[in-house]
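Visitor: Any chance you can model this:
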Amino acid sequence: MTVRTRALDPAVARALSALSAAAKEGLGDPALAELVVIRASQLNRCAFCLDMHLAIARQYGVSERQLDLLAAWEEAGDVFDERERAALALTEAVTVLTEGFVPDEVYARAAEHFDDARLAHLLGLVVAINNWNRMMVARRIPPGGHTP
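Guide: I've put the predicted structure just below:
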């Protein structure tokens with residue numbers, strides 16, 4: 001594997017950072033935001049983002065049990081509450097788009113737990129981390145080098 005060291009254009013980095021920050025702030029739950037970005041990063045196999053966001057999640061008090069079981073959240077019983085499970089289901093549906101769209105029942109489930117504004121911020125967060133993941137994976141940026 002060859003690391004591609006070409007720097008990300010500062011304007012692109014600022015735009016992605018602004019979207020990420022606005023989405024996290026609007027969601028209003030930093031621990032949940034980190035669970036969402038970690039799950040998307042797992043699906044996208046982005047080691048850089050996983051390394052960075054696992055450290056940030058711990059700073060926000062996300063439990064080691066949740067971090068350990070996040071990849072199997074659907075089978076993890078009561079480790080994740082219904083709101084977290086709805087957010088993670090939406091994260092997976094938007095990230096993978098297996099059927100080419102987000103299933104209505106997944107969107108409706110999320111809408112039960114998030115008002116319109118928070119749902120828009122959740123979607124913005126998922127879109128932002130997917131963009132970051134793709135930038136880092138495409139450039140083969142290894143984990144490390146980020147200080148939260």
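Visitor: Listing request: residues of this structure with sub-threshold pLDDT.
Guide: Along the chain, segments meeting pLDDT under 70 span 1-6, 146-148.
Visitor: most centrally placed residue in it?
Guide: Centroid-nearest residue in the chain, with Cα atoms, centre = their mean: residue 37, separated by 1.6 Å.
Visitor: Ignoring the adjacent residues along the chain, who's closest to that residue?
Guide: Take residue 37 and drop its neighbours on the chain: the residue closest to it by Cβ to Cβ, 6 or more residues apart in numbering is residue 129, 4.2 Å away. For glycine as for every other residue, the C-beta is placed from the backbone atoms N, C-alpha and C.
Visitor: In this structure the one you found contacts residue 41, no?
Guide: Yes - counting by Cβ atoms under 8 Å, residue 129 touches residue 41, with 6.4 Å between them.
Visitor: out of these two, which sits in the more crowded spot?
Guide: Taking other Cβ atoms under 10 Å, residue 129 and residue 41 do not tie; residue 129 has more neighbours (29 against 25).
Visitor: can you pull the contacts of residue 53?
Guide: 34, 37, 38, 41 (Cβ atoms under 8 Å, 6 or more residues apart in numbering).
Visitor: mind checking how far the first one is from residue 108?
Guide: It stands for residue 34. As for residue 34, its distance to residue 108 is 25 Å (criterion: Cβ to Cβ, to the nearest Å).
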